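> No sequence on hand, only this structure:
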């Protein structure tokens, strides 16, 4: 539990910081580059998720090795293997994150779907 906690807490802080700074930078960009809010949100989430995974992935590798009894796990090997895992981790997290953000934005800010339809479709699934 401790290695997971040591990875998740900093990763959450990094995610929030990168997301907020990216949003701030993109809002200051010329409108021709980033014309609407959903693009800003999606780009910020992409950058933040990649940055957070740089911390989360090595901690997850270490946590799994401790759970399966790889005692004592080699910290350098766990770090190297965790860093090698980042592209896979981002590749699996990102589609889910972006689809969730896009759907939430559509439901709350526009598009042809309303909150009632969204809830009915979510319950049906």
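Sure, I can see it. Because the structure is a prediction, the values reported are computed rather than measured.
> Got phi/psi on the most centrally placed residue in the chain?
Centroid-nearest residue in the chain: residue 49, 3.2 Å away (criterion: CA atoms, centre = their mean). Residue 49 adopts backbone torsions of phi -70, psi -40, taken as degrees, to the nearest 10.
> What does the pLDDT read for it?
For residue 49, the pLDDT comes out at 88.
> likewise residue 7?
Per-residue confidence (pLDDT) for residue 7: 75.
> so where's this protein uncertain?
Across the chain, residues meeting the criterion (pLDDT under 70) sit at 1-4, 35, 70-73, 109-125.
> show me where it has helices.
2-27, 37-67, 75-109, 115-124 (DSSP state H).
> Mind listing what's buried along the third one?
Neighbour counts over helix 75-109 (16 or more other CB atoms under 10 Å) mark 78, 81-82, 85-86, 89-90, 93-94, 97-98, 101, 105, 107 as buried. C-betas here are computed from N, CA, C, even on glycine.
> okay, among the residues you listed, which ones form the most distant pair?
Spatial extent of the buried residues of helix 75-109 (CB to CB) is set by the pair 78 and 107 at 40.1 Å.
> Tell me, how many residues neighbour residue 25?
14 (other CB atoms under 10 Å).
> Same check on the one 5 residues further on?
Neighbourhood size, residue 30 [other CB under 10 Å]: 7.
> and it, what does it touch?
With contact set as CB atoms under 8 Å, 6 or more residues apart in numbering, residue 30 has no partners.
> wait, doesn't residue 98 sit right on residue 45?
Yes - using CB atoms under 8 Å, residue 98 is in contact with residue 45, at 6.6 Å.
> ok so, going back, would you format the buried residues of helix 75-109 as a markdown table with distance to residue 32 included?
Shown next, in a markdown table, are the buried residues of helix 75-109 (distance: CB to CB, whole Å):
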| residue | distance to residue 32 |
| --- | --- |
| 78 | 45 |
| 81 | 42 |
| 82 | 39 |
| 85 | 37 |
| 86 | 32 |
| 89 | 33 |
| 90 | 28 |
| 93 | 30 |
| 94 | 25 |
| 97 | 26 |
| 98 | 23 |
| 101 | 23 |
| 105 | 21 |
| 107 | 28 |
